[in-house]
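Asker: Sequence plus the predicted model coming up.
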Amino acid sequence: MSSRARSRSRLPRVALVGRPNVGKSSLFNRLLGRREAIVHDRPGVTRDRIEREGEIEGRPVILEDTGGIVPEAGEELQRAVSRQALAALEEADLLVLVLDGRAGVTPLDEEVGEILRRRADDVIVAVNKIDVPRVTDLAAEAWSLGLGEPLPVSAEHGLGVDRLAREIAARLPETPAGPGLETDGEEPGGEGFDPEGELSIAIVGRPNVGKSSLVNRLAGAPRVTVSPVPGTTRDAIDVLLTRDGLRYRLVDTAGLRRRTRVADRDESVGILVARRRIERCDIAVLVLDATAGVTTRDASIAGEIEAAGRPMILAFNKWDLVDDPDARARELDAEVARRLAFLPDPPVVRLSALHGQRAFRVLDRCRELARRGSRRVPTGELNRFVAGLTARLRDAGTGAPKIFYMTQVGVFPPRFIVFARRAGKVDPSFRRHLERQLREAFDLGPVPVKLEFRDPPRRGQG
């Protein structure tokens, strides 16, 4: 896990804002130079604030994509999306108002422009979808907003984006000098794991179990749009917070459900992004509905996390709706033991994201898993463990393969190479037994343990 030496709080924030379906997400991806936001030609796909670190003309920034602003929206979901976008507007150092050049300046554009006019010095107007020279003049209409010279761009084809990037870089506030502005280039899950650094936590689960509510509760602010509409969260939303001097990166993900039940293409892309974030996170928090118990889909998601080799915490949300907490706790423990028997005794937190009951225990459990998963076992201790295990297996006459020695080659998850006789024919049951013995001997708890069996080197091979 990278300690993220670059301090995000020191980086200038650039937010892309505007009404729905003007191409903000396409421009966001183009400026970053990689696809991070879901793009669709249907309005309302982006519903949350998506922020990513990047560079614009060599200047490190936090670039933020936002949902469409509709000041007088009638639907609650659109009002929630607008509130998120307006919050980004307040926090940003520089705003890029994105317009649709083909549609011209609409009454909704004028309303958004009115909101931005009080910060006119911090606004750049980008007129998107200007992809052929003959329509360049369409951008001139945006002068009427009173926010300065409009810049014609085509996010789809990259036209005019270089000029926009130069304008953004020229308008950025200076980044304060100081320690901690270099990056170490490490990725989450790598060998540079630092348990006191930044911990990446993927919040995953079925739709409508309260993932976004949990993220907002931990962040102490409505950073993610919450709605009873299934599939509200589509992108993977990063939220950073510091608690007790420790840094956490929470990644709210799209609800994972079977492909046959996915409503549309952009939701399916969001689910794909969620699965990728599981593979890249340090720890996964599987959020379950305490009133529904452990469903077949919950078990399937847990299997995906386990297959990715990520440590896992089970967070039973909506505990405030449980009538008899003690009886329900026993029932859920039995369900976990029965339906998630393939997991190595994962930590369980029973919480209410709505009321905050025990919500912060999730972070405490994550940090504890991080400390266990980052442990390196000295070779001498491993050798003594192997000698004792070999003696017990010999006395029991189990027929288990003879282990010559072991060495640890990585952390988080702990990875070991086991040199054993006939390594290619090790029985899976013996592998599981060895994993359990390692956890007990070195207090690794429910952290996944990765074993690679090899034949010992022959004499003369080194």
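Answerer: Thanks, I have the structure now.
Asker: just for the stretch 51-200 of the chain, where's the confidence low?
Answerer: Scanning the stretch 51-200 of the chain for pLDDT under 70 picks out the ranges 72-84, 132-137, 175-197.
Asker: which residues touch residue 420?
Answerer: With contact taken as CB atoms under 8 Å, 6 or more residues apart in numbering, residue 420 is in contact with 401-404, 426, 453-456. Quick note: C-beta positions are derived from backbone N, CA and C, even for glycine.
Asker: my bad, should have said residue 443
Answerer: Going by CB under 8 Å, 6+ apart, the list of residues near residue 443 reads 372, 375.
Asker: Residue 95 falls within a helix, correct?
Answerer: No - Residue 95 sits outside any helix when classified using DSSP: H, G, I helix; E, B strand; the rest coil, being strand.
Asker: Can you get me a residue count around the nearest residue to it once chain neighbours are set aside?
Answerer: The shortest distance from residue 95 to any non-neighbouring residue, by CB to CB, 6 or more residues apart in numbering, is to residue 123 (4.8 Å). By other CB atoms under 10 Å, the residues close to residue 123 number 22.
Asker: Kindly report the same for residue 360.
Answerer: For residue 360, the count of nearby residues is 15 (other CB under 10 Å).
Asker: wait, the residue nearest to residue 95 sits on residue 146?
Answerer: No - counting by CB atoms under 8 Å, residue 123 does not reach residue 146; the two are 9.9 Å apart.
Asker: on that earlier part again, which of the contacts of residue 420 fall within strands?
Answerer: Among the contacts of residue 420, the ones falling in strands (DSSP state E) are 403-404, 453-454.
Asker: could those go into a markdown table alongside pLDDT, distance to residue 372 and neighbour count?
Answerer: Shown next, in a markdown table, are these (pLDDT from 0 to 100; distance: CB to CB, whole Å; neighbours: other CB atoms under 10 Å):
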| residue | pLDDT | distance to residue 372 | neighbour count |
| --- | --- | --- | --- |
| 403 | 85 | 23 | 22 |
| 404 | 87 | 27 | 17 |
| 453 | 90 | 23 | 20 |
| 454 | 90 | 25 | 12 |
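Asker: need the residues you listed in JSON lines with distance to residue 292, can you?
Answerer: Supplementary listing: these in JSON lines, determined by distance: CB to CB, whole Å:
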{"residue": "403", "distance to residue 292": "44"}
{"residue": "404", "distance to residue 292": "49"}
{"residue": "453", "distance to residue 292": "40"}
{"residue": "454", "distance to residue 292": "44"}
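Asker: And those residues, which is closest to residue 318?
Answerer: Nearest to residue 318 among the ones in strands among the contacts of residue 420 is residue 453, at 43.4 Å by CB to CB.
Asker: In contact with the closest residue to residue 160 other than its chain neighbours, which residues are there?
Answerer: Leaving aside its sequence neighbours, residue 160 sits nearest to residue 153 (CB to CB, 6+ apart; 3.8 Å). The contact partners of residue 153, by CB under 8 Å, 6+ apart, come to 27, 126-128, 130, 159-161, 163-164.
Asker: Closest to residue 434 out of the residues you listed?
Answerer: Using CB to CB, the contacts of residue 153 come closest to residue 434 at residue 27, 52.1 Å.
Asker: any idea which element the closest one lies in?
Answerer: helix 24-32 (DSSP states H and E).
Asker: after that helix comes which helix or strand?
Answerer: strand 50-56.
Asker: What helices and strands are in contact with that following strand?
Answerer: Counting by 3 or more CB pairs under 8 Å, 6 or more residues apart in numbering; DSSP states H and E, the packing neighbours recorded for strand 50-56 are helix 24-32, strand 59-65, helix 161-171, strand 237-243.
Asker: Now find how far off-centre the first one is within its chain.
Answerer: Taking CA atoms, centre = their mean, to the nearest Å, the mean C-alpha location of helix 24-32 is offset from the chain mean by 19 Å.
Asker: now do the third one
Answerer: For helix 161-171, the separation from the chain centroid amounts to 29 Å (computed by CA atoms, centre = their mean).
Asker: can you check stretch 95-114 too?
Answerer: Its chain's average C-alpha position is 31 Å from that of stretch 95-114, according to CA atoms, centre = their mean.
Asker: before we move on, what about stretch 280-289?
Answerer: With CA atoms, centre = their mean, you get 9 Å for stretch 280-289.
Asker: on that earlier part again, next one: the residue nearest to residue 95 from residue 12, what distance?
Answerer: Here the criterion is CB to CB, to the nearest Å. By it, residue 123 lies 15 Å from residue 12.
Asker: now swap in residue 303 and tell me
Answerer: Distance from residue 303 to residue 12, by CB to CB: 42 Å.
Asker: which of the two has more neighbours?
Answerer: residue 12 (20 against 13).
Asker: Please tell me how far the more buried one sits from residue 169.
Answerer: Going from residue 12 to residue 169 by CB to CB gives 10 Å.
Asker: got any residues that touch both of these two?
Answerer: Between them, residue 12 and residue 169 share the contacting residues residue 59, judged by CB under 8 Å, 6+ apart.
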